[in-house]
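> Below: sequence and its predicted model.
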Amino acid sequence: MEEIGKSYLPDTAFPARTVDKEKCARCGRCIEACPTGGFVKGKDGFPEPVGYGGFKEACINCWNCVAMCPEGAINLEGPFAIKEGPYKSRLTGVMDYPRPIAGDTRPYAEIEESLTGVERVIYTRRSNRLFKKKEVPKELLHRIIEAGRFAPSAGNCQPVKVVVITDQALISEIENGAMKVLRLFKNLYLEKTGKRKAWRAALFGALTLFMAGKTDPRPFTAMDKADKDKNVIYWHAPAVIFILKNKVGISNPDLDCGMCAQNMVLAAHSLGLGTCYIGLAVEPLGYPQNAALRRKLGIVHPWEAVTSIAVGWPKGKIDGIVKRDTFQVEWK
Ligand SMILES: Cc1cc2nc3c(=O)[nH]c(=O)nc-3n(C[C@H](O)[C@H](O)[C@H](O)COP(=O)(O)O)c2cc1C
Ligand code: SF4
Ligand code: SF4
């Protein structure tokens, strides 16, 4: 708690992460692809779980390291939850594997053949952060986008525009533009000296009152990892798809864009591709520093970026079954 207080971070519970050195082949995949920079290479070459900027741990409990480890060497125990304050997680804290068949507690591998193809894609899809240096053919990108076009939308309004970027220089430009803004936040939030300053505590206390979502500390580890990795936000993906909303669309255009994006993501995984939603670059694009970049990307009124998706060929196995916090479901 004392350490956590240093960087304005709330009391947080992290899963316990252990690496079985008997099994680990020291391939470094988990170190490279952890979204929070939660593992570093230890002196002996084995991954070591680390903390960050006042957090004793840096882990969002996504289980991607478990899914992608070729040796089954990583073990995670327990939930990731912010226990109190404005960011308090409303999770049950009970983690479990997919249980689509009520009352059936057999391992996923044993129930898989009873599931539909769509269900299998849903349960095995993981965010992909290790991509091969290999282009995605335009025909496949088209196939993904077409899946998005047939997502439902309120009043069939389809308040969506799609921008596909395969120009690596332009992807780097977006990363650099985003990082300029993210770095301001990151440096404001984190104390290099480890000493908490009263004025910052007051500032963050005030900000969280009316913009808790924007000051949530959880993305800061990812921002720092992107910064240290030379602004790499898109994980060297060969293609990026931006989903833009028509701000004057009826009802809830953000929801329509989300459903469209998820159609694309599921279609991509069913085609053997990997994807990762990338929110880190989206919000900073809206800042005045990035006005010219917005115009270059066609993000002009009435369009606004809702999310972006990195797309590419997975390097090794990444998709796989993980545990997730169990939903609170009320049956009435
Ligand atoms: C809207 C949204 C934004 C996200 N932004 C990022 C991001 O900027 N960088 C990243 O590495 N992952 C990002 N993710 C991926 C999440 O971290 C990931 O979905 C979550 O940890 C669950 O893991 P899974 O997708 O493998 O099931 C984002 C996910 C969503 C839905
Ligand atoms: S992915 Fe698995 S085998 Fe590779 S370094 Fe990490 S724990 Fe070891
Ligand atoms: S569970 Fe996710 S955040 Fe935690 S160490 Fe593994 S890859 Fe990193």
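Yep, it's here. Ligands and ions are numbered 1, 2, ... in the order given.
> Might you enumerate the residues of the stretch 51-200 of the chain proximal to ligand 2?
69, 70, 71, 73, 74 (CB under 6 Å from any ligand atom). Every residue, glycine included, has its C-beta placed from N, CA and C.
> Swap in 5 Å and give it another go.
Taking CB under 5 Å from any ligand atom, the part of the stretch 51-200 of the chain that reaches ligand 2 is made up of 69, 71, 73.
> Any chance of these in CSV with secondary structure, distance to ligand 1 and pLDDT as columns?
Formatted as CSV, those follow (DSSP: H, G, I helix; E, B strand; the rest coil; distance: CB to the nearest ligand atom, whole Å; pLDDT from 0 to 100):
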residue, secondary structure, distance to ligand 1, pLDDT
69, coil, 14, 98
71, coil, 19, 98
73, coil, 18, 98
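> Quick check: next helix or strand after the longest strand belonging to the chain?
Counting residues, the longest strand in the chain under DSSP state E turns out to be strand 303-312. Using DSSP states H and E, the helix or strand that follows strand 303-312 in sequence is strand 324-325.
> That next one pairs with which strands, parallel or anti?
If you go by DSSP bridges, strand 324-325 pairs up with strand 95-96 (antiparallel).
> Quick one: residues in contact with the partner strand.
Applying CB atoms under 8 Å, 6 or more residues apart in numbering, the contact partners of strand 95-96 are 61, 78, 79, 323, 324, 325, 326.
> How about the contacts made by the last one?
Which is residue 326. 92, 94, 95, 96.
> same check, this time on residue 154
Counting by CB under 8 Å, 6+ apart, residue 154 makes contact with 249, 250, 251, 252, 255, 256.
> Roughly how far does residue 257 sit from ligand 2?
34 Å (CB to the nearest ligand atom, to the nearest Å).
> nearest residue to that residue other than its sequence neighbours?
Leaving aside its chain neighbours, residue 257 sits nearest to residue 306 (4.0 Å; criterion: CB to CB, 6 or more residues apart in numbering).
> neighbour-wise, which of the residues of the stretch 51-200 of the chain next to ligand 2 leads?
Taking other CB atoms under 10 Å as the neighbour criterion, residue 69 ranks highest of those with 23 neighbours.
> Quick check: nearest residue in space to that one, chain neighbours excluded?
The nearest residue in space to residue 69 (CB to CB, 6+ apart) is residue 30, at 5.9 Å.
> any idea which element that neighbour lies in?
helix 29-33.
> low-scoring pLDDT stretches of the stretch 51-200 of the chain, where are they?
53-54, 192-195 (pLDDT under 70).
> ok, stretch 221-228 near ligand 1 or not?
No. Figure legend: stretch 221-228 not in contact with ligand 1 (CB under 5 Å from any ligand atom); closest approach 5.5 Å.
> Can I get the contacts of strand 95-96 in a markdown table including distance to residue 117?
Formatted as a markdown table, those follow (distance: CB to CB, whole Å):
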| residue | distance to residue 117 |
| --- | --- |
| 61 | 28 |
| 78 | 33 |
| 79 | 31 |
| 323 | 23 |
| 324 | 21 |
| 325 | 26 |
| 326 | 25 |
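> What are the boundaries of the helices in the chain?
2-5, 29-33, 64-68, 108-111, 117-124, 138-149, 168-189, 198-215, 220-228, 253-270, 282-285, 291-297 (DSSP state H).
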